[in-house]
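Participant: Build me a model from this:
(4 chains)
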Number of protein chains: 4
Amino acid sequence: MNTIRSELGWSTRERITVRGKDLPGEILGTLNLGDMAWFELTGTAPNEKQSRLFNAMAVALVEHGVTPSALAARLTYLGAPEAMQAAVAAGLCGLGSVFVGSMEGAAKLLFEAVRDGKDAKTLVSQHKRIPGLGHPLHKPVDPRSVRLFAIGRETGYYGKYCELMEAIGKEKNLVVNATGAIGALACELGLDWRAVRGIGVMARAVGLVGHLLEESRQPMAEAVWHKVEAEASQHLRK
Amino acid sequence: MNTIRSELGWSTRERITVRGKDLPGEILGTLNLGDMAWFELTGTAPNEKQSRLFNAMAVALVEHGVTPSALAARLTYLGAPEAMQAAVAAGLCGLGSVFVGSMEGAAKLLFEAVRDGKDAKTLVSQHKRIPGLGHPLHKPVDPRSVRLFAIGRETGYYGKYCELMEAIGKEKNLVVNATGAIGALACELGLDWRAVRGIGVMARAVGLVGHLLEESRQPMAEAVWHKVEAEASQHLRK
Amino acid sequence: MNTIRSELGWSTRERITVRGKDLPGEILGTLNLGDMAWFELTGTAPNEKQSRLFNAMAVALVEHGVTPSALAARLTYLGAPEAMQAAVAAGLCGLGSVFVGSMEGAAKLLFEAVRDGKDAKTLVSQHKRIPGLGHPLHKPVDPRSVRLFAIGRETGYYGKYCELMEAIGKEKNLVVNATGAIGALACELGLDWRAVRGIGVMARAVGLVGHLLEESRQPMAEAVWHKVEAEASQHLRK
Amino acid sequence: MNTIRSELGWSTRERITVRGKDLPGEILGTLNLGDMAWFELTGTAPNEKQSRLFNAMAVALVEHGVTPSALAARLTYLGAPEAMQAAVAAGLCGLGSVFVGSMEGAAKLLFEAVRDGKDAKTLVSQHKRIPGLGHPLHKPVDPRSVRLFAIGRETGYYGKYCELMEAIGKEKNLVVNATGAIGALACELGLDWRAVRGIGVMARAVGLVGHLLEESRQPMAEAVWHKVEAEASQHLRK
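Facilitator: Sure thing, here's the model as predicted:
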């Protein structure tokens, strides 16, 4: 059934309600931005441990330097500085299967494996490529994964999904990267795997605003453009 | 000069650095998502009061029900469920002059007015339309503004920009809406007005992920489509 | 090897060259917009028959009424009328696996089937879902497919890919929809299946500009918003 | 009044109608893609001269090499190759005030100037910046403008708007660039200035599909990323 119905928010003259709570009275000043994200996704406010772990997972994805996504946003801003929202949007469009989407893949794989009682060996034999493993730079460990798993332990959320993810990494002799760790921890927290890519998307939106503010003060997009254009057409100019 | 240079983040094999701090060691588990946004924008971690106020400002913008932005995201997800990031992007594209952009307009106006020593009467006489004023539903007050100004007072950040915004509202006999309050508070916090629209963009990205998760479980986009299409072409079908 | 190199276009003070042709002298006034798309994709100008068929394929995808994509664009324009390009972008974001992407799927399936010598029966037995088949409204035939195949015959491009597509439709007892016909015809024309979704994307960009011009004169987005919002929150307002 | 109503297209089981014409029977095989764009925007099919000029205007904007917009699309495709539509969308998001938007500005300025009887001298004295003038590379003439004005003359559409644009260029001693010429010719054709940016948006969508097809065969985005990232963080690595 497909009905027009949402539980997320509604307003009257005097009240603004989000998932059953009064936004001004019960949410503003009480929940931080990461807690609010959790509340949007689950319908309940996180407890202290959930808040600590979930915020760390989101924060880990905010900034990773001059990525393709940050570059796309900056190049877009160069042409439409009056529409910063569109530059953030352009940056988000590339968070697909290659980069951030692997979080979703890892979460789905782990969720189904635990449900179906599959171990690391079985998974490795059944899947040529496991999302959330490997990193071109961070070897033999991804320091974000180490830290996130540690926070998982401190908050009591390091469990069977994390163990399975680390076992798969050992089996394949590949580093568990940040997206693998976050996929596993999302399962531990009981989050729907369909929401997991979204954690990366919202986090990166934060980072992209940072890049655009820097671009407005210390621009690089025009220089990137001219440099790349010159190099790309050099062979034609002879 | 336009050089290719960024201060935001960089990585080596062992380290991931964001604005000079070690991401795993100094940021993860320490900063919440709103604090991280502040850190991205300013380069320093917020103190407790800044954290409280800034998180409240961002949280206020996360969810406002079935807005045009949420609908655009849901309709996009209907056609490309495999690319949730693009659905969030579609939802962000509409955060322009009419909705979230007014925050930027309010911040810029207040920043320049205080710098140039202009009072409410002068501003009202000089500007036909003041951004951040008026709301179709929330009258005579926007409860978010009331609460945000209260948190501003609690944290010591209710000052001349907020006073000016409220004075303009009285002069025009219009409610100071949430975007007006946030524009004023952003000035109090010393944030660059060019970053202010970005607070809304990042916050709404969080809310849009919430809408898309709900859409994946309890879809409305297809019903909206069929209903609107039928109504829009009714006069042609006769 | 991943080098920074493009063959598409470059300019000097006096000349603007696109794929080896002088843009002002050899292209403007000579190629129409569909021919130019062909030229971008293949590097040679189409002959008369290719031009006729390819333009028809693209034109078939421009306008299909108030679709989810058109609605997303209109709702985006409501919030950011100063950034029409972002509203078109929002509308394009939803052209994924469910709607326009099926063209790519059909082209890939047919291309590989002919290469590997598979017939309709084999394909149907191997694939639970065949892209390019079925339509909720147009039954027992999609009039666009009938016409496009007819133009294919007139231009000498109705061949083994089209026959296979129609045989699959018969086997499954499903209508070959416009995306199936276009996928097959793209194969006949020797186009790369990776470019096929792009034909739909460029065509829809044309249609979305039409919707946004209509929206600027005869708006519906605000009415859609209020209507849907009221219905979506009705159960919460009781 | 804001009613839910569109004149663009609607379908029944047997028929697909676009702006009153039967799509399969009256449009497919008859209109080329540029004609279809004209038909979407105006509601009537173009005559031969309108078709020739309008197609030339759109074609002029399809491809201009490795622009910021093309780079944004390629960088997006690197992360989400399964969502080509989102990569085109990302590329379109930057067609704002700096690049393609100047067409709209020129059209609006010329339309209002002719309506109000203002001449070039008056306009130059009243406007610090005139859109559609100047080019960093093409001097003393933009060869596209020269050719487009020539086609305008051939088709009988070089008139008062084009004259005014050229007079302004002389007054300011700046080249009339392609966006200025197209803005003027759009006025000659009686097109609504609100649709003019859209001509660039649809044309660039065509070009971006070309760039993405090239990127899928001969990628540059990853090399651009690594090169820029290395340069941008060089000063931090010391």
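
Participant: make it CA atoms for all contacts and neighbour counts henceforth
Facilitator: OK.

Participant: Now do the helix or strand hosting A:His226: everything it contacts.
Facilitator: Using DSSP states H and E, A:His226 falls within helix A:221-233. Here helix A:221-233 makes contact (Cα atoms under 8 Å, 6 or more residues apart in numbering or on different chains) with A:71, A:74-75, A:78, A:215, B:2-4, C:4-7, C:9-10, D:65-68, D:71, D:224, D:228.

Participant: Next, the buried residues of it.
Facilitator: A:221-222, A:224-225, A:228-229, A:231-233 (16 or more other Cα atoms under 10 Å in any protein chain shown).

Participant: which helix of chain A spans the most residues?
Facilitator: Scanning chain A for the helix with the most residues, using DSSP state H, yields helix A:196-217.

Participant: And chain D, is that helix touching that?
Facilitator: No - Helix A:196-217 lies apart from chain D when judged by Cα under 8 Å from any Cα of the partner chain; the minimum separation is 12.1 Å.

Participant: same question, stretch A:167-182
Facilitator: No - figure legend: stretch A:167-182 not in contact with chain D (Cα under 8 Å from any Cα); closest approach 14.2 Å.

Participant: Give me the contacts around that stretch.
Facilitator: Contacting residues not belonging to stretch A:167-182 are listed as A:57, A:60, A:100, A:102-103, A:106-107, A:120-121, A:123-124, A:131-135, A:138-142, A:144-145, A:148-149, A:162, A:165-166 [Cα under 8 Å, 6+ apart].

Participant: So which of those residues are in helices?
Facilitator: A:57, A:102-103, A:106-107, A:120-121, A:123-124, A:144-145, A:148-149, A:162, A:165-166.

Participant: Which PyMOL command selects the buried ones in those?
Facilitator: The following PyMOL line selects those of those that are buried, judged by 16+ other Cα under 10 Å:
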select buried, chain A and resi 57+102+103+106+107+120+123+144+145+148+149+162+165+166
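
Participant: now for the ones in helices among the contacts of stretch A:167-182, which pair is the farthest apart?
Facilitator: A:Met57 and A:Lys121 (27.1 Å; Cα to Cα).

Participant: returning to that earlier point: pull out the buried members of the contacts of helix A:221-233.
Facilitator: A:71, A:74-75, A:78, A:215, B:4, C:4-7, C:9-10, D:65-68, D:71, D:224, D:228.

Participant: Which pLDDT does the model give A:Pro81?
Facilitator: On the pLDDT scale, A:Pro81 is placed at 96.

Participant: Assumed it was part of a helix.
Facilitator: No - A:Pro81: not assigned to a helix; according to DSSP: H, G, I helix; E, B strand; the rest coil it is coil.

Participant: Enumerate every residue touching it.
Facilitator: Counting by Cα under 8 Å, 6+ apart, A:Pro81 has contacts D:96-98.

Participant: Show the model's pLDDT score for the most centrally placed residue in chain A.
Facilitator: Nearest to the geometric centre of chain A sits A:Gly200, at 1.4 Å (Cα atoms, centre = their mean). pLDDT recorded at A:Gly200 is 96.

Participant: Can you give me the separation between it and B:Met202?
Facilitator: Distance, A:Gly200 to B:Met202, using Cα to Cα, to the nearest Å: 12 Å.

Participant: for A:Gly29, same thing?
Facilitator: Relative to B:Met202, A:Gly29 is positioned 18 Å away (Cα to Cα).

Participant: Which of the two has more residues huddled nearby?
Facilitator: B:Met202 (30 against 22; other Cα atoms under 10 Å in any protein chain shown).

Participant: Quick check: the more buried one touching A:Ala205?
Facilitator: Yes - between B:Met202 and A:Ala205 a contact is recorded at 5.2 Å, counting by Cα atoms under 8 Å.

Participant: if we can go back for a sec, output the contacts of A:Pro81 as a markdown table; include the columns secondary structure.
Facilitator: Formatted as a markdown table, these follow (three-state DSSP):
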| residue | secondary structure |
| --- | --- |
| D:Gly96 | coil |
| D:Ser97 | coil |
| D:Val98 | coil |
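
Participant: which among the residues you listed gets closest to chain C?
Facilitator: D:Gly96 (6.6 Å; Cα to the nearest Cα).

Participant: ok, that closest one - contacts?
Facilitator: A:79-83, C:83, C:85 are the contacts of D:Gly96 under Cα under 8 Å, 6+ apart.

Participant: rerun at 10 Å
Facilitator: A:76-83, A:86, C:82-86, D:102, D:104, D:197, D:201 (Cα atoms under 10 Å, 6 or more residues apart in numbering or on different chains).

Participant: just A:Leu61 next, same as before
Facilitator: Contact analysis of A:Leu61 by Cα under 10 Å, 6+ apart lists A:100, A:144, A:178-179, A:182, A:199-207.

Participant: just A:Glu14 next, same as before
Facilitator: By Cα under 10 Å, 6+ apart, the contact set of A:Glu14 is B:137-144.

Participant: Partner strands of the least confident helix or strand in chain A by mean pLDDT, with direction?
Facilitator: Across the helices and strands of chain A, mean pLDDT, DSSP states H and E gives its lowest value to strand A:9-11, namely a mean of 91. The strands beside strand A:9-11 in its sheet (DSSP bridges) come out as strand A:16-18 (antiparallel).

Participant: Run through who's touching the strand it pairs with.
Facilitator: Counting by Cα under 10 Å, 6+ apart, A:7-11, A:22-27, A:39-40, A:43, B:62-65, B:138, B:142-144, C:236 sit against strand A:16-18.

Participant: Partner strands of the following helix or strand past it, with direction?
Facilitator: For strand A:16-18, the following helix or strand on the C-terminal side (DSSP H and E) is strand A:21-22. Next to strand A:21-22 in the sheet, as set by DSSP bridges, lie strand A:16-18 (antiparallel).
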